[in-house]
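**Q** Using only what follows, build the 3D model:
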Amino acid sequence: MAQKLGYVALVVRDYDEAIAFYTQALGFQLIEDIDLGGGKRWVLVRPPGSDGTDLLLARAVNPEQAARIGNQTGGRVFLFLHTNDFWRDYRALTAHGVKFVRPPSEEAYGTVAVFEDLYGNKWDLLQLKDARIAI
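**A** Here you go, the predicted structure:
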């Protein structure tokens, strides 16, 4: 049996502002943006060169969902952006105004820094040391 995670839903305030951040600041590719009617859209983005899990940008539709924007995991790092060149991507993200909340550090597993997306969700930018699990 073969399985993989297809999408991870990220609750956002507004489709267009989320698309702008993920494509312009993070350099992601817009894969799909389909109008489903009634103000709902199917929006997928992914890092350049990725063939793995896509990020589904899901606009909050009620107060409970809106309360989760920017804090889907209770303040823990939520998503892990793997890279094959940490310093290239760290400099590029910094140049695009991405806010890093923990500076780069060398850990047993690789080079890592924590940044926030436009809503405050925490992400790891991570270059793994183990080539078997690197991108």
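**Q** which sections of the protein are below the confidence cut-off?
**A** The chain contains residues with pLDDT under 70 at 131-135.
**Q** could you point out which element follows whichever helix in it runs longest?
**A** Looking across the chain with DSSP state H, the single longest helix is helix 86-95. The C-terminal neighbour of helix 86-95 among helices and strands, as given by DSSP states H and E, is strand 99-107.
**Q** How about residues contacting that next one?
**A** Phe86, Tyr90, Leu93, Thr94, Thr111, Val112, Ala113, Val114, Phe115, Glu116, Lys122 (C-beta atoms under 8 Å, 6 or more residues apart in numbering). All C-beta spots, glycine's among them, are computed from the backbone N, C-alpha and C.
**Q** The residue nearest the centre of the chain and Ala60: what is the separation?
**A** In the chain, the centroid-proximal residue (C-alpha atoms, centre = their mean) is Leu79; its distance is 6.0 Å. Going from Leu79 to Ala60 by C-beta to C-beta, to the nearest Å gives 18 Å.
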